[in-house]
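K.L.:
My questions concern the predicted model and sequence given below.
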Amino acid sequence: MIAPPFLMSTMENPTNIVWHKSSVEKLDRQRLLQQKGCVIWITGLSGSGKSTVACALSQGLHMRGKLTYILDGDNVRHGLNRDLSFKAEDRAENIRRIAEVAKLFADAGIICIASLISPYRKDRDVCRALFPEGDFIEVFMDVPLHVCENRDPKGLYKLARAGKIKGFTGVDDPYEPPLNCEIVLQQKGRDCVLPCEMAETVISYLEEKGYLQA
Ligand SMILES: Nc1ncnc2c1ncn2[C@@H]1O[C@H](COP(=O)(O)OS(=O)(=O)O)[C@@H](OP(=O)(O)O)[C@H]1O
Ligand SMILES: Nc1ncnc2c1ncn2[C@@H]1O[C@H](COP(=O)(O)OP(=O)(O)O)[C@@H](O)[C@H]1O
């Protein structure tokens with residue numbers, strides 16, 4: 001069967017798509033919200049505190065009247081990314097899709113908080129390249145493997161060490177720390193830094209860079 005001409009042209013040239021501009025734009029939405037859309041990309045090992053800091057940050061910003069939305073790796077894997085495994089190409093696709101969704105949130109004027117292991121530098125750099133300069137704020141949870149493993153709130157490190165989970169980040173799959181990220185969060189010597197204190201560090205950065213005003 002021969003496809004109708006309009007279908008034919010799309011199939012022959014998949015880039016034959018034209019951007020449709022809206023009369024209400026990002027700047028208008030930002031003015032309405034009195035903030036600037038961006039993504040805070042929190043990367044780190046399982047158990048390093050990504051989700052905890054994401055929640056503390058969302059709470060801190062919410063209390064200042066700022067609109068946020070969290071995209072947590074674990075949660076997104078329950079829906080949009082439920083078809084993806086933990087092999088390298090699926091992690092890359094997981095990260096790519098979350099970055100594209102984060103880009104939509106940022107375009108909506110929202111401060112999007114993405115918390116996922118995102119272990120490979122190359123994948124994170126691909127995400128960064130999707131955003132205008134400054135709008136991709138990479139936050140590294142710099143927590144040593146042995147600390148994460150001691151916390152092990154879901155018992156996954158134990159399963160990985162017992163060989164019951166294959167390709168677990170930090171155990172038998174690599175984690176590549178950022179070389180040049182915007183913010184590094186870590187414990188200070190033996191002193192425990194509370195998640196809300198870590199969130200304040202990020203909020204100060206946003207304030208200083210002008211993201212908390214239109
Ligand atoms: N093989 C393997 N490696 C790492 N993590 C694993 C694995 N299998 C399951 N889990 C659980 O999945 C959570 C990580 O999902 P992410 O989407 O953040 O991972 S990734 O960015 O695609 O690497 C991660 O959640 P967090 O502990 O919140 O990081 C784990 O609970
Ligand atoms: N700043 C912190 N200090 C001490 N423990 C923390 C801190 N942040 C998180 N935790 C604990 O570490 C564990 C893992 O935190 P979680 O946010 O789930 O990490 P991730 O999302 O990176 O897997 C949880 O039991 C949490 O209560």
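P.N.:
Great, that's in hand. Ligands and ions are numbered 1, 2, ... in the order given.

K.L.:
what residues are up against the most centrally placed residue in the chain?
P.N.:
The chain has residue 114 as the residue nearest its centroid, 2.6 Å off, counting by Cα atoms, centre = their mean. Residue 114 sits next to 39, 40, 41, 42, 70, 71, 72, 98, 99, 102 when contact means Cβ atoms under 8 Å, 6 or more residues apart in numbering. All C-beta atoms are positioned from the backbone trio N, CA, C, and that covers glycine.

K.L.:
Could you double-check that residue 140 sits in contact with residue 177?
P.N.:
Yes. Between residue 140 and residue 177 there is a contact at 6.2 Å, judged by Cβ atoms under 8 Å.

K.L.:
Tell me the spacing between the residue nearest to residue 33 when sequence neighbours are not counted and residue 159.
P.N.:
Excluding the flanking residues, the one nearest residue 33 by Cβ to Cβ, 6 or more residues apart in numbering is residue 109, at 4.7 Å. Distance, residue 109 to residue 159, using Cβ to Cβ, to the nearest Å: 41 Å.

K.L.:
And these two? Which one has more around it.
P.N.:
residue 109 (22 against 14; other Cβ atoms under 10 Å).

K.L.:
who touches the more buried one in this structure?
P.N.:
Applying Cβ under 8 Å, 6+ apart, we find residue 109 in contact with 26, 29, 30, 32, 33, 35, 36, 37, 67.

K.L.:
Over to residue 172?
P.N.:
Neighbours of residue 172 in contact, by Cβ under 8 Å, 6+ apart: 160, 166.

K.L.:
Adding neighbour count and secondary structure, write the contacts of residue 114 out as a markdown table.
P.N.:
Listed next are the contacts of residue 114 as a markdown table, based on neighbours: other Cβ atoms under 10 Å; DSSP: H, G, I helix; E, B strand; the rest coil:
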| residue | neighbour count | secondary structure |
| --- | --- | --- |
| 39 | 26 | strand |
| 40 | 28 | strand |
| 41 | 28 | strand |
| 42 | 31 | strand |
| 70 | 18 | strand |
| 71 | 21 | strand |
| 72 | 18 | strand |
| 98 | 25 | helix |
| 99 | 25 | helix |
| 102 | 26 | helix |
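
K.L.:
Between these, which sits nearest residue 163?
P.N.:
residue 72 (27.2 Å; Cβ to Cβ).

K.L.:
And that closest one, how far from residue 26?
P.N.:
As judged by Cβ to Cβ, residue 72 and residue 26 stand 24 Å apart.

K.L.:
ok, the closest residue to ligand 1 within the chain - how many residues close by?
P.N.:
Nearest residue of the chain to ligand 1: residue 73, at 2.4 Å (Cβ to the nearest ligand atom). Neighbour count of residue 73, defined by other Cβ under 10 Å: 21.
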